[in-house]
Every structure is written in C-alpha cells, then in structure tokens.
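Undergrad: What follows is a predicted structure for the sequence shown.
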Amino acid sequence: MNFNEALQKAAAYCSLSEKCEYEVKEKLRTWDVSNTDVAKVIDQLRHDDFINDTRYCTYYTRDKFRFNRWGKIKIGMMLRSKQLPEEEITNALAQIDEAEYEEALVVILQTKLKSLTYKFEYEKQGKLFRFAQSRGFEHNIVSNVLRQLE
C-alpha cells in the first residue's frame, strides 16, 4: 500500500471515532504499510488534527468513566498501555469530578450488593472492596464509600 492510500485509509479510520497514535500505528502495520510511510502518515494525521493525544485522553477518560463505570486506576492503566504521555493522562484523570466519582462508586456498590450472597458482614465488605478495586477505584475512596454504606 502506498503513502496516499495509507493516508486516506487511516484518515477514514480516524474519522469514525477518536484514535490515538498507537492505535493508528497498529492499524497501519496490519495493512502492511512500510515503517517510513507509517511515520509520514502519523505526522500528516497529527498536522490535520485527526490524531490529538490531549483530546483522545480527555474523551477516553470521560467515556470509560461515564459509560463503563471504570475508576481512575483502570482508566490510567489503559491509557498507559496505549503509550500516551503521562502528563496528558494525569490531566485527563483530573477532569473527573470527585463528587460524581464517589457517587458513581456508591451506585455501583449498591447494585452489586443486591446480587451478593454472604454469611458474614466482613465477607460482604471484602467482596464489595475487591469488586470496586477490580473496577479501578482507589483504596481510600472505596474504604470511605463502604463506611457510608453501612
């Protein structure tokens, strides 16, 4: 695939939904585009604002929190796996409203509590704690919310 074809195809790929540089590079490699053309395509897409790390981090964070109900730890890990700059990740995570964040955790844990089976109170607390941590919520926030639920 030549440079122009790769650029058009990558631009169409990026226009469907927000993509980061890592995702576009991986897609270009699956299309067997040469490394020199990959670099040129990425540069052109950045120049044309098809790829923007700040925008990607912001939208990814917002969507994963609102729709998937992920915590900051899990969102941060996923963004780091896409090789995004740490500063961009930190800024995007800071945009999550703390009150909304805790309220989301309360709702998640109340919903989970309805489906839990347990014999002892400490067993219930442990299961809820592990569930919240698997969703990527921080230890101190989970502890505070569990105290509120009691």
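TA: All right, it came through fine. Residues are numbered from 1 along each chain as shown.
Undergrad: separation between residue 105 and residue 141?
TA: 6 Å (Cβ to Cβ, to the nearest Å). For every residue, glycine as well, the C-beta is placed using N, CA and C.
Undergrad: Between these two, which contacts overlap?
TA: Counting by Cβ atoms under 8 Å, 6 or more residues apart in numbering, the shared contacts of residue 105 and residue 141 are residue 71.
Undergrad: These two - which one has more neighbours?
TA: Here residue 105 and residue 141 are compared on neighbour count by other Cβ atoms under 10 Å; more neighbours surround residue 105, at 23 against 16.
Undergrad: Let me know the helix or strand that the closest residue to the more buried one other than its chain neighbours is in.
TA: Ranked by Cβ to Cβ, 6 or more residues apart in numbering and with sequence neighbours excluded, the top spatial neighbour of residue 105 is residue 145, at 4.9 Å. When elements are defined using DSSP states H and E, residue 145 is found to belong to helix 139-149.
Undergrad: Go ahead and confirm residue 132 touches residue 144.
TA: No - contact status for residue 132 versus residue 144: not in contact, 10.9 Å apart, counting by Cβ atoms under 8 Å.
Undergrad: So which of those two has more stuff around it?
TA: With other Cβ under 10 Å as the criterion, residue 132 and residue 144 differ in neighbour count, and residue 132 comes out ahead with 22 against 13.
Undergrad: Burial check on the residue nearest to the more buried one when sequence neighbours are not counted, number of neighbours?
TA: Counting by Cβ to Cβ, 6+ apart, residue 142 is the residue found nearest to residue 132 once chain neighbours are left out, at 4.3 Å. Other residues within reach of residue 142, judged by other Cβ under 10 Å, total 21.
Undergrad: and residue 142, what does it touch?
TA: Contacts here follow Cβ under 8 Å, 6+ apart; on that basis residue 142 touches 105, 129, 132-133.
Undergrad: Next, format those residues as JSON lines and append pLDDT and secondary structure.
TA: Formatted as JSON lines, those follow (pLDDT from 0 to 100; DSSP: H, G, I helix; E, B strand; the rest coil):
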{"residue": "105", "pLDDT": "95", "secondary structure": "helix"}
{"residue": "129", "pLDDT": "93", "secondary structure": "helix"}
{"residue": "132", "pLDDT": "95", "secondary structure": "helix"}
{"residue": "133", "pLDDT": "95", "secondary structure": "helix"}
